[in-house]
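> Here is my input, please return the structure:
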Amino acid sequence: MAEPVQPLPAAELIIKVLDESLSSVTLFVSGTHTNLAEAIRLAPNIKNKIASVQVMGGALYVPGIIEIEWPEIHNKFAEWNIWVDPYAANEVFNAGLSMCITPLDTTNQVVWTSDDADKWEASGTAEGKLAAEILRGYLNYLVDLYPEGAFLWDLLAAINTSDPDFCQGEEVHVQVLTDPGEEEGRTIVVEGKPPNATAFLNPQVEAIKIQAAQVFRT
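Numbering: from 1, shown residues only. Take a look at the predicted model:
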């Protein structure tokens with residue numbers, strides 16, 4: 001009889017997976033950077049096992065989303081995944097890792113609608129039908145805020161991670177503002193500093209949508 005798996009805190013699990021991997025690993029971060037930052041603090045050597053960090057987050061040349069979705073928070077600049085723990089994001093961006101970022105600049109160019117849900121459902125797979133149901137529910141929930149359709153930030157970043165050719169990359173130096181206030185969590189492109197990230201800014205919209213539909217057919 002197999003021994004039960006012992007739960008580990010997230011940072012320790014990251015360390016364990018990287019230590020035990022026989023090859024370098026690509027990490028996909030679609031939320032706060034808290035766990036990864038803690039893992040690097042606990043075991044800096046894991047950086048040698050990280051091939052790249054693929055991030056959905058930030059708003060480089062466009063407004064953020066915090067005040068749009070939470071009007072009581074007066075911050076026009078930050079994106080949620082960075083804003084929720086800007087100190088951790090700042091640590092990760094300055095850890096000397098290969099960083100690839102898909103910010104709001106990119107995700108806001110791809111609008112998902114009920115037509116996409118129809119295509120996913122038409123796959124006939126259980127996954128496609130479930131994804132279509134989720135998208136329709138999401139569209140109904142956000143219809144007042146985003147009447148033209150929804151932004152699926154993490155989906156776009158995941159597709160871009162699978163093949164960077166879906167977006168054109170630009171080498172940039174990203175600075176995360178950590179001071180409390182109306183710009184906390186803002187991601188700024190600093191000119192004249194060595195790049196610390198590749199920002200994917202120009203998505204091939206139709207190719208991305210075709211790829212999403214294709215995933216549910218396989």
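> Quick check: the residue nearest the centre of the chain vs residue 129, distance?
The centroid of the chain falls nearest to residue 56 when counting by Cα atoms, centre = their mean (1.6 Å). For residue 56, the distance to residue 129 (Cβ to Cβ, to the nearest Å) stands at 25 Å. C-betas here are computed from N, CA, C, even on glycine.
> Let me see the backbone angles for the residue nearest to the centre of the chain.
Dihedral pair for residue 56: phi -100, psi 110, per degrees, to the nearest 10.
> Was I right to think it contacts residue 107?
Yes: Residue 56 is within contact range of residue 107, at 7.2 Å (criterion: Cβ atoms under 8 Å).
> Give me the common contacts of these two.
Counting by Cβ atoms under 8 Å, 6 or more residues apart in numbering, the shared contacts of residue 56 and residue 107 are 153, 156-157.
> Among the residues you listed, name the ones in helices.
In this view, the shared contacts of residue 56 and residue 107 that belong to helices under DSSP state H are 153, 156-157.
> Please tabulate those in a markdown table, including the columns distance to residue 9.
Conversion of those to a markdown table gives the following (distance: Cβ to Cβ, whole Å):
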| residue | distance to residue 9 |
| --- | --- |
| 153 | 26 |
| 156 | 29 |
| 157 | 25 |
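> and those as JSON lines, adding neighbour count, distance to residue 60 and pLDDT?
Conversion of these to JSON lines gives the following (neighbours: other Cβ atoms under 10 Å; distance: Cβ to Cβ, whole Å; pLDDT from 0 to 100):
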{"residue": "153", "neighbour count": "22", "distance to residue 60": "14", "pLDDT": "95"}
{"residue": "156", "neighbour count": "26", "distance to residue 60": "15", "pLDDT": "94"}
{"residue": "157", "neighbour count": "26", "distance to residue 60": "14", "pLDDT": "95"}
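> Which parts of this protein are strands?
Per DSSP state E, the chain has strands spanning 25-29, 50-56, 99-102, 167-172, 174-176, 187-189, 197-203. These are given in chain order.
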